[in-house]
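Student: Just to be clear, the model below is a prediction. Sequence and coordinates:
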Amino acid sequence: MSKDIVKTIYIEGMHCEGCVNRVKNVLNNFKEVKKCQVDLGKAEIVLKKDIDLSIIKEKIESLGFKTK
């Protein structure tokens, strides 16, 4: 049985619940994402299997945010 992989991405530029929802929608489109918790400033992601975070960060940045 494999363990869940938990990753945190810090996000700059989110100012409202609409921003949070936009990031959640992007994250939920990844088949590797089991669940996610997005708050102003960060996203905590539980992955079914490991994925290169640069792919996820690129999608978040395409929304106009900066990631760390």
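Tutor: Yes, it's here.
Student: Excluding chain neighbours, what is closest to Ile60?
Tutor: Thr67 (5.4 Å; Cβ to Cβ, 6 or more residues apart in numbering). C-beta here means a position set from N, CA and C on the backbone, and glycine is covered the same way.
Student: scratch that, Lys57
Tutor: Using Cβ to Cβ, 6+ apart, the closest residue to Lys57 is Thr67 (4.2 Å).
Student: max-length helix in the protein?
Tutor: Selection of the longest helix in the chain by residue count, based on DSSP state H, yields helix 17-28.
Student: related to what we said a few turns ago, check contacts around the residue nearest to Lys57.
Tutor: Ile9, Tyr10, Ile11, Glu12, Lys57, Ile60, Glu61 (Cβ atoms under 8 Å, 6 or more residues apart in numbering).
Student: of all those, which comes closest to Lys24?
Tutor: Ile60 (10.6 Å; Cβ to Cβ).
Student: what distance separates whichever helix or strand that closest one is part of from the centre of its chain?
Tutor: Assigning secondary structure by DSSP states H and E places Ile60 in helix 53-61. Averaging C-alpha positions (Cα atoms, centre = their mean, to the nearest Å) puts helix 53-61 8 Å from its chain's average.
Student: and after it, which helix or strand comes next?
Tutor: Following helix 53-61 toward the C-terminus (DSSP H and E): strand 66-67.
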